[in-house]
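Q: Return atomic coordinates for the entry below.
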Amino acid sequence: MTILGLHHITLVTSDGQRTADFFTRMLGLRLVKKTVNFDDPTTYHLYFGDETGSPGTAITYFEWKGARRGHWGIGGTHHFALRVADENGLLKWKRRLTDLGLKVDGPLDRNYFRSIYFQDPDGAVIEIATDGPGWAIDEAPEDIGTEFREPPAEMTLRNRDAAAIAARTWPEPVPEITADMALLKGMHHITAIGASIQNTHAFFADLLGMRRVKMTSNFDDPTSAHWYWGAGDNQPGTIITYFERNPLRVRRASMGAGQTHHFALAVADEDVQLEFREKLLEAGLRVSPVMDRNYFRSIYTNDPDGHIVELATVGPGFMVDEPVATLGEQLMLPPQYESQRSQLEVALPPISVPPWKKPV
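A: Reported below is the predicted structural model:
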């Protein structure tokens with residue numbers, strides 16, 4: 001009974017077409033599924049990812065048309081990170097996004113990886129992070145996560161050379177996304193916010209069986225804890241991290257555009273999912289029944305601060321109702337809403353994106 005890694009993250013957008021343009025045209029991901037929120041079929045649920053939307057690559061959005069912006073805080077997600085192989089790819093992304101008019105912070109040295117930060121059209125913070133150098137840079141591989149590791153002084157906010165960081169970018173324009181910078185490996189990590197790092201550890205380590213891979217403090221706020229948990233080989237794509245924040249000084253998250261609705265961890269199949277469900281119920285947590293999301297099966301619970309956490313099966317996948325070649329081109333409805341197709345197609349404004357081409 002193990003967590004395999006990240007499955008997907010679901011955020012809120014106030015404008016589905018604008019978000020689709022951002023992820024496909026700017027970031028080069030594929031719109032792999034255009035469907036509806038299974039709990040509210042009058043609203044879109046859009047999925048972006050690699051060619052097939054494989055678990056760990058899926059970034060999904062509920063469209064709440066015209067929704068007011070939410071704000072990050074305790075019980076919510078601060079940001080999610082996408083993977084790039086190395087620092088050259090990172091610098092290419094900085095140049096490309098800057099030339100497209102986005103404000104980009106970084107590249108910043110996070111010791112275990114290098115990263116840049118920017119925002120989606122609704123203000124959600126997105127990071128692009130390198131795969132290395134990894135957790136063993138300051139601990140032996142067999143000992144990662146067992147002792148506190150202070151952030152190197154030169155990497156903290158107080159000591160960074162802001163002018164030098166701002167000046168670092170790729171020397172030439174990057175009009176096309178090339179294979180060496182493509183974001184098709186999916187997510188690197190998800191970072192949320194909690195009020196007690198010990199309670200968060202009990203949830204992810206003791207209940208879900210994930211391994212703590214790093215105990216450090218926030219590089220931008222060294223007075224607060226920042227812990228990481230991983231699954232399997234603890235590689236990027238399996239990592240959940242939390243900032244600890246004092247609830248007397250930091251407000252709770254408020255749902256709205258630009259905020260995460262939930263994130264999902266991957267499990268192998270429904271049998272494993274049911275085992276986790278029983279374990280969570282025995283611990284006294286609220287857990288939903290198993291829900292059929294057509295492309296996977298899901299259960300939902302909450303972390304100690306109330307953030308919705310989903311455990312989703314890896315299959316059957318997005319090709320269950322359309323072939324790989326045409327993923328995301330048509331509105332796909334779950335069987336229970338197919339009889340309402342004509343009404344829903346009128347209620348939902350068309351969303352279209354250019355045909356997807358894999359970067360070469």
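Q: Show me where the stretch 1-150 of the chain has its helices.
A: Along the stretch 1-150 of the chain, counting by DSSP state H, counting those that start in this stretch, helices occupy 16-21, 87-99.
Q: hmm, who's touching stretch 277-295?
A: Residues outside stretch 277-295 that contact it (CB atoms under 8 Å, 6 or more residues apart in numbering) are 1, 33, 35, 38, 53, 207, 270, 273-274, 297-302, 311-312, 316-318, 320-321, 334-335. Using the backbone N, CA and C atoms, a C-beta is placed for each residue, glycine as well.
Q: can you tell me which of those residues are in strands?
A: 33, 35, 297-302, 311-312, 316 (DSSP state E).
Q: which of these lies closest to Pro355?
A: The closest of the ones in strands among the contacts of stretch 277-295 to Pro355 turns out to be Lys33 (CB to CB; 15.7 Å).
Q: Which residues are in contact with the closest residue to the closest one other than its chain neighbours?
A: Distances taken as CB to CB, 6 or more residues apart in numbering place Tyr47 nearest to Lys33, at 4.0 Å, with adjacent residues excluded. By CB under 8 Å, 6+ apart, the residues touching Tyr47 are 8, 31-35, 53, 58-60, 318, 328.
Q: switch to 10 Å and redo it
A: The contact partners of Tyr47, by CB atoms under 10 Å, 6 or more residues apart in numbering, come to 8, 10, 23, 29-35, 53, 57-61, 295, 318, 327-328.
Q: got a pLDDT number for Glu150?
A: pLDDT for Glu150: 95.
Q: ditto for Gly123
A: Gly123 is given a pLDDT of 98.
Q: ok, now Val360?
A: 88.
Q: if I look at the closest residue to it other than its chain neighbours, how far off is Phe23?
A: Spatial nearest neighbour of Val360, chain neighbours left out: Ala179 (5.6 Å); criterion: CB to CB, 6+ apart. Plainly put, Ala179 is 18 Å away from Phe23 if you go by CB to CB, to the nearest Å.
Q: got it, and Lys358?
A: Using CB to CB, we find Lys358 at a distance of 15 Å from Phe23.
Q: more neighbours, the two?
A: Set side by side, Lys358 and Phe23 show more neighbours around Phe23, with 23 against 12, by other CB atoms under 10 Å.
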